[in-house]
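K.L.:
with the sequence up front, the predicted model follows.
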Amino acid sequence: MQLFMVSASHSPLLDFPAKESPAVLNVRAALAATRARIEAFDPDLVVLFGVDHYGGQHMACMPSFCVGVEATALADVGGTPGRLDVPRDLAIQAVGAIRKAGVDTAVSYDMAVDHGFSQALSRLLGGVDRYPVLPIFVSCIQPPFSPFARARALGEAVGGFVKTLDRQRVLFVGSGGLAHNPAALFPPIDSVGPEWRPYILHGRAQAEVPQQAWIDFEIQAHQMGAQMLAADQVTPEMAGLKDAWDKAFLAAYCAGDLSVFDAWDPDQVMAEAGIGAVETQAWIAAAAAMQAAGGARPRAVFQEIAKEIGIGFGVAEAGPSPLSPAP
């Protein structure tokens, strides 16, 4: 078995930045370079740890983790719609293995995913259905959060399961982070007004607020945000971007001992680096899965503040390498 891991940030504004800055071009070049390495690797299974922004998971019952047995990507802001190629029997087996390993995951036979999954599938893999994919949701959108230690435990359970499979080339992907703070779009549930509260709570299960209305709102808000971020007088600090935090996270992430994140407090991470930084739990799950399956530790391949797309963007990789003990 050959193993490869990629963790990468995502941003809807990559589709429509108001300014094609050098940073934006650098982000696209970094993603293209990683995509070329993935294409050369040619995985026969992708395990994708992704996040959601009220596209498919809602506050009436928000799971810490959820495995998709069947999944469809929405046409949300920054998203690519389509049916994911989920190996159904393998996904069901994964749920059992994860639970047996001591991690309580939910399961969905009708998972909707937004750009927190589909941007990685599109920009790194070349399409939402190009490769067989096991989609695993990690909740990072609103407190109370799961501890970082549970994201690591999830990854280890998944990696242990993958190690038992008859697959030739497995790719682990973590999508989200680094520091950014879209809190205005995703406030705590008690701060959500009556206009959006029915949708935030129940999503498409209710008829009062159509899902398309939420998507249209997100698109409009991101378009307005793109214009604001392109202004010269808006600094990265004003936009909630934290270069020092991103560098410190990557240094810890690539040091080889993921247990250091067990002591991280998600609420403190949110206070220091924005709610978007909690999405690094998807990175930790991906790296833990890679190491539990026998792969190498991550190495940083790109990191830059990209103000025009509202994010500190990072990419880390591990492998590709034969299944062997992590260094």
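P.N.:
Perfect, thanks for sending it. Numbering: from 1, shown residues only.
K.L.:
could I have the CA atoms of the least confident helix or strand in the chain by mean pLDDT written out in PDB?
P.N.:
Every helix and strand of the chain was ranked by mean pLDDT, DSSP states H and E. The lowest is strand 311-322, at a mean of 88. Coordinates of each C-alpha in strand 311-322 appear next as PDB, following Å, rounded to 0.1, in the frame of the first residue of the first chain:
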ATOM      1  CA  ILE A 311      -7.400  33.600   4.800                       C
ATOM      2  CA  GLY A 312      -4.000  32.500   6.000                       C
ATOM      3  CA  PHE A 313      -3.500  29.800   3.400                       C
ATOM      4  CA  GLY A 314      -1.400  26.700   4.000                       C
ATOM      5  CA  VAL A 315      -0.600  23.400   2.400                       C
ATOM      6  CA  ALA A 316       1.200  20.400   4.000                       C
ATOM      7  CA  GLU A 317       2.000  17.000   2.600                       C
ATOM      8  CA  ALA A 318       3.200  13.700   3.800                       C
ATOM      9  CA  GLY A 319       4.600  11.100   1.400                       C
ATOM     10  CA  PRO A 320       3.900   9.600  -1.000                       C
ATOM     11  CA  SER A 321       5.700   6.700   0.500                       C
ATOM     12  CA  PRO A 322       5.300   3.000   1.000                       C
END
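K.L.:
what is the neighbour count of the residue nearest to residue 183 when sequence neighbours are not counted?
P.N.:
Once flanking residues are discounted, residue 183 sits nearest to residue 275: 5.4 Å by CB to CB, 6 or more residues apart in numbering. All C-beta spots, glycine's among them, are computed from the backbone N, C-alpha and C. As a burial measure, residue 275 scores 24 neighbours (other CB atoms under 10 Å).
K.L.:
how close does residue 275 sit to residue 166?
P.N.:
40 Å (CB to CB, to the nearest Å).
K.L.:
just the helices in the stretch 101-250 of the chain please.
P.N.:
115-123, 148-162, 197-202, 211-230, 243-253 (DSSP state H, counting those that start in this stretch).
K.L.:
let's have those helices in JSON lines, adding mean pLDDT and distance to residue 101.
P.N.:
Below are these laid out as JSON lines (pLDDT from 0 to 100; distance: least, CB to CB, whole Å):
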{"stretch": "helix 115-123", "mean pLDDT": "97", "distance to residue 101": "23"}
{"stretch": "helix 148-162", "mean pLDDT": "98", "distance to residue 101": "4"}
{"stretch": "helix 197-202", "mean pLDDT": "96", "distance to residue 101": "31"}
{"stretch": "helix 211-230", "mean pLDDT": "94", "distance to residue 101": "34"}
{"stretch": "helix 243-253", "mean pLDDT": "98", "distance to residue 101": "22"}
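K.L.:
which phi and psi does the residue in the chain sticking out farthest from the centre have?
P.N.:
Residue farthest from the centre of the chain, counting by CA atoms, centre = their mean, is residue 233 at 30.1 Å. Phi and psi for residue 233, reported as degrees, to the nearest 10, are phi -80, psi -10.
K.L.:
residue 117 touches residue 50, doesn't it?
P.N.:
Yes - shown here, residue 117 and residue 50 form a contact pair, counting by CB atoms under 8 Å, at 3.7 Å.
K.L.:
could you export the helices of the stretch 101-250 of the chain as a markdown table, including mean neighbour count?
P.N.:
Below are those laid out as a markdown table (neighbours: other CB atoms under 10 Å):
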| stretch | mean neighbour count |
| --- | --- |
| helix 115-123 | 28 |
| helix 148-162 | 24 |
| helix 197-202 | 18 |
| helix 211-230 | 16 |
| helix 243-253 | 18 |
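K.L.:
tell me which of these sits nearest to residue 33.
P.N.:
helix 115-123 (11.5 Å; CB to CB).
K.L.:
surely the residue nearest to residue 183 is in contact with residue 181?
P.N.:
Yes - taking contacts as CB under 8 Å, residue 275 lies within contact range of residue 181: 5.9 Å.
K.L.:
out of the helices of the stretch 101-250 of the chain, flag the one nearest residue 58.
P.N.:
Comparison of those against residue 58 by CB to CB identifies helix 197-202 as nearest, at 5.9 Å.
K.L.:
excluding sequence neighbours, find me the nearest residue to residue 180.
P.N.:
residue 276 (3.8 Å).
K.L.:
to clarify, my last question referred to residue 161.
P.N.:
residue 97 (3.9 Å).
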